[in-house]
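K.L.:
Predicted coordinates and the sequence they were generated for:
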Amino acid sequence: MEEHFMIRETREGSEAIRRTIVENKEVVRTLVRELKGRGVDRGFIIGSGTSFHASLVLGFLLSKYTGLHFVAVPASEFEDWTPLVTSDYAIIAFSQSGESSDIIKAVKAAKTKGVFVIGITNTPGSTLTKISDFSLITRAGEEKAVVATKTYDAQLAIASLLAYNVSDTPLAEVNRGKLEQAHVLVKEVLEIESTIKDIATRYKEAEHAFILGRGVNYPNALEMALKLKEAAMIHAEGFAVREFLHGPVQLVDETTPVIIFLPTKKSLKESEKTIDKLKSYNAKIIAIAGKGVDVSDFASDVITIPDIDEDLSIFPVIKAAQLFAYHLSIARGLNPDKPTKLAKVVKYEEGGSG
């Protein structure tokens with residue numbers, strides 16, 4: 001049987017990360033000099049769908065490691081957020097295709113106010129590159145699957161590279177060095193694909209699922225929920241770990257799979273209260289956990305990923321999530337390359353409403 005594009009491209013994620021980092025080092029340094037020269041210290045990061053989740057990751061990293069103030073906003077909402085004074089603002093726009101209608105419309109609105117626009121896309125020569133003041137090109141190669149995988153990996157790579165280069169903190173410098181090995185962490189997860197397949201298959205009857213993450217992995221929780229909806233036709237929702245206790249936990253019972261990201265001991269400690277609640281309701285807990293994190297007293301199933309600092313764990317975490325979504329889709333008898341209601345790109349048309 002011919003391989004689905006989704007799984008082929010999921011497996012290509014490691015190389016997409018490596019190439020994106022290697023081939024953007026100098027370009028990112030040039031961008032950092034440009035931002036400092038312009039005195040930019042605030043702005044917005046925009047994207048739609050998966051690209052919005054990458055926007056959230058970049059926003060988190062910039063907030064944690066720099067003095068810049070950037071807010072991640074869905075591209076479709078941007079015009080309502082546009083400030084009156086924009087001289088020290090920049091817009092960072094994520095779009096895999098560079099043709100998304102909401103992105104192009106938002107960027108054009110920003111340009112009318114003289115805002116400095118940075119486009120991040122996987123498509124050289126796209127509309128986004130033509131209307132941006134500065135472009136960063138991710139190096140994932142063509143992505144044919146409707147369900148984005150390797151392009152999101154590459155977006156995480158460029159977001160990390162940019163944030164760690166803008167920052168002048170010692171920790172950012174350390175992480176900048178470790179980022180070079182992110183693709184190796186992803187390869188290690190790919191090596192346990194058969195284990196992930198076995199675990200995913202056990203949940204093929206599930207109709208609802210919750211995914212919990214914290215910090216930099218909160219956007220990954222949203223992204224995994226999106227993959228489960230798109231590929232596996234499961235109603236799935238992502239939440240920040242402790243926010244789950246503020247209402248959504250009402251929906252949990254012994255039939256509900258809850259996937260929780262626990263890449264470090266710190267993430268486990270910060271999640272203990274939520275885990276205790278889930279245990280009391282007999283929820284099926286699937287842990288995507290670092291090798292050094294002991295989840296034996298509560299996890300029904302464990303996907304073990306390499307130990308790494310929390311902010312770099314986004315790479316192995318999302319790769320495990322993508323593999324899980326793909327194999328759950330197959331177990332449910334679906335074709336993940338042909339979601340019936342989705343298109344790869346919602347294109348911009350001049351004068352159109354979208």
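P.N.:
Perfect, thanks for sending it.
K.L.:
Check which residues of the helix or strand of the chain with the lowest mean pLDDT are buried.
P.N.:
Ranked by mean pLDDT, DSSP states H and E, the weakest helix or strand in the chain is helix 78-81, scoring a mean of 88. If you call a residue buried by 16 or more other CB atoms under 10 Å, then helix 78-81 has these buried ones: residue 78. Where you see a C-beta, it was placed from the backbone N, CA and C, and this is true even at glycine.
K.L.:
Ok, stretch 180-196 next?
P.N.:
Across stretch 180-196, burial judged by 16+ other CB under 10 Å covers 181, 182, 183, 185, 186, 187, 189, 190, 192, 193, 196.
K.L.:
For those residues, work out which two are farthest apart.
P.N.:
Of all pairs drawn from the buried residues of stretch 180-196, the greatest distance, 21.4 Å, lies between 181 and 196 (CB to CB).
K.L.:
related to what we said a few turns ago, any chance of JSON lines for the buried residues of stretch 180-196, columns distance to residue 36, secondary structure and pLDDT?
P.N.:
Formatted as JSON lines, the buried residues of stretch 180-196 follow (distance: CB to CB, whole Å; DSSP: H, G, I helix; E, B strand; the rest coil; pLDDT from 0 to 100):
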{"residue": "181", "distance to residue 36": "28", "secondary structure": "helix", "pLDDT": "95"}
{"residue": "182", "distance to residue 36": "26", "secondary structure": "helix", "pLDDT": "97"}
{"residue": "183", "distance to residue 36": "29", "secondary structure": "helix", "pLDDT": "98"}
{"residue": "185", "distance to residue 36": "31", "secondary structure": "helix", "pLDDT": "97"}
{"residue": "186", "distance to residue 36": "32", "secondary structure": "helix", "pLDDT": "98"}
{"residue": "187", "distance to residue 36": "35", "secondary structure": "helix", "pLDDT": "98"}
{"residue": "189", "distance to residue 36": "36", "secondary structure": "helix", "pLDDT": "98"}
{"residue": "190", "distance to residue 36": "38", "secondary structure": "helix", "pLDDT": "98"}
{"residue": "192", "distance to residue 36": "42", "secondary structure": "coil", "pLDDT": "98"}
{"residue": "193", "distance to residue 36": "43", "secondary structure": "helix", "pLDDT": "98"}
{"residue": "196", "distance to residue 36": "43", "secondary structure": "helix", "pLDDT": "98"}
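K.L.:
how deep is the nearest residue to residue 126 once chain neighbours are set aside tucked in, by neighbour count?
P.N.:
Distances taken as CB to CB, 6 or more residues apart in numbering place residue 98 nearest to residue 126, at 2.5 Å, with adjacent residues excluded. By the criterion of other CB atoms under 10 Å, residue 98 has 27 neighbours.
K.L.:
I'd assumed residue 98 was in a helix, is it?
P.N.:
No: the assignment for residue 98, made by DSSP: H, G, I helix; E, B strand; the rest coil, is coil rather than a helix.
K.L.:
Which parts of this structure belong to which domain?
P.N.:
Listed by automatic domain parsing, the domain ranges of the chain are 5-183, 186-331.
K.L.:
element containing residue 7, please.
P.N.:
Under the criterion of DSSP states H and E, residue 7 resides in helix 5-11.
K.L.:
whoops, I mixed them up, residue 303
P.N.:
Counting by DSSP H and E, the element that carries residue 303 is strand 301-305.
K.L.:
Return the mean pLDDT over that strand, rounded to an integer.
P.N.:
Averaged across strand 301-305, the pLDDT comes to 98.
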